[in-house]
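*Asks:* Here is my input, please return the structure:
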Amino acid sequence: MKLPLLRVICKYWFTSWHTYLLSFVLPVALYFISTRVTNMFNSNASFLALPGSILLAVVINGLVDLPIAFFEFKQTTFARQLHLLQASTGHLIISLLFINFCVSIAAGIWLVVIAIVSYHQAMHLPWINWLTLGWTVILASFTSGLIGIMIGYFHRDLKIILVLAISVFLILAFLTGMLFPLGVIRSDQILNFLGYFFPTTFLANLMNSSFFWNVPSWILDSNLYPNLTYFSQLHNIWLPTIISFAWILAFTSIIFWQNSYQDK
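*Replies:* Numbers count the residues shown, from 1 in each chain. Okay, the predicted model is just below:
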């Protein structure tokens, strides 16, 4: 990773207002909307809606903003700066993934702080396994970033890339519990079946497990959180982690192939 290239990308990324809108404003707004919707069938909606909203805040930058940035650095006047810096496409990808990781971490922390300040009495902080939560954020950041790079490679037309990025984000958000609690999706057999074809489903499993890691046993036996019935192995983080790594490996291989094909 070249420091001059990193400075150029940071200047582009952090002087663009849409970065802050996507990562820090939109997820907060969607979290409050999700809380109001979830409140229709569970009184502790603010806590139930938080895992999916954090996952959304972490992946939205990689799925929507990163493809645009990758396109602009490859196809517009920024490409001249890459040439002057003697930076390869590999250097660009690594730098973009690093910045996406930093933005994702900041967006996740920001949303947690907003939720605690807004609904502090309903936040069951002792239930949360913070290590599992942090691990999930790391996996989600790199997974969404790699998907964003693949989308940026897909076409030379920015409009097509933008439509594709938004479409991918909306499908993943609706089917993997980012806009509504994952238990709502799991309660429908068709949606539950379709969800397992997407990489963010397993990240959603990890995220929800981290939030209910230390839930008291009497709550598990009650009907206070009916969505927990869809998580039979609440502490099983190994299988979702292995599957997430498999997706990351697959996406990395596709990007290598895209890069070599484009060079030809």
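*Asks:* switch to C-alpha atoms for all contacts and neighbour counts from now on
*Replies:* OK.
*Asks:* Could you list the low-pLDDT ranges of the stretch 101-250 of the chain?
*Replies:* Across the stretch 101-250 of the chain, the stretches falling below the confidence threshold (pLDDT under 70) are 181-183, 217-235.
*Asks:* And the helices in it, which stretches?
*Replies:* With DSSP state H, counting those that start in this stretch as the criterion, the stretch 101-250 of the chain has helices at 130-154, 158-175, 182-186, 189-195, 199-211, 217-221, 238-263.
*Asks:* Please name the residues that touch the spatially most central residue of the chain.
*Replies:* If you average the C-alpha coordinates of the chain and look for the closest C-alpha using CA atoms, centre = their mean, you land on residue 59, 2.0 Å from that point. With contacts defined as CA atoms under 8 Å, 6 or more residues apart in numbering, residue 59 is in contact with 104, 140, 141, 144, 145.
*Asks:* May I ask which of the residues you listed has the most neighbours?
*Replies:* Taking other CA atoms under 10 Å to define a neighbour, the member of the contacts of residue 59 with the most is residue 145, carrying 32 neighbours.
*Asks:* is it true that that residue touches residue 64?
*Replies:* No: in this structure, residue 145 sits apart from residue 64 without contact. The criterion is CA atoms under 8 Å, and the distance is 9.4 Å.
*Asks:* Nearest to residue 122, out of the helices of the stretch 101-250 of the chain?
*Replies:* When the helices of the stretch 101-250 of the chain are compared for distance to residue 122 using CA to CA, the nearest one is helix 199-211, at 12.9 Å.
*Asks:* Dump the closest one to CSV, restricted to CA.
*Replies:* Extracted as CSV, the C-alpha positions of helix 199-211 are listed here (Å, rounded to 0.1, in the frame of the first residue of the first chain):
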residue,chain,number,x,y,z
PRO,A,199,-22.9,-14.0,1.8
THR,A,200,-24.3,-11.4,4.1
THR,A,201,-26.8,-14.0,5.6
PHE,A,202,-24.0,-15.7,7.5
LEU,A,203,-22.6,-12.3,8.6
ALA,A,204,-26.1,-11.5,9.9
ASN,A,205,-26.1,-14.8,11.9
LEU,A,206,-22.8,-13.8,13.5
MET,A,207,-24.1,-10.3,14.3
ASN,A,208,-27.3,-11.5,15.9
SER,A,209,-25.4,-14.2,17.9
SER,A,210,-23.1,-11.4,19.2
PHE,A,211,-26.1,-9.4,20.5
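*Asks:* same for it, what does it pack against?
*Replies:* When contacts are defined as 3 or more CA pairs under 8 Å, 6 or more residues apart in numbering; DSSP states H and E, helix 199-211 sits against helix 50-60, helix 130-154, helix 238-263.
*Asks:* can you tell which of those is closest to residue 68?
*Replies:* Minimum separation from residue 68 across these (CA to CA) falls at helix 130-154, 6.7 Å.
*Asks:* Measure how the helix or strand hosting residue 34 sits relative to helix 50-60, angle-wise.
*Replies:* Assigned by DSSP states H and E, residue 34 falls within helix 26-38. When axes from the mean of the first three to the mean of the last three CA atoms, to 10 degrees is applied, the directions of helix 26-38 and helix 50-60 differ by 150 degrees.
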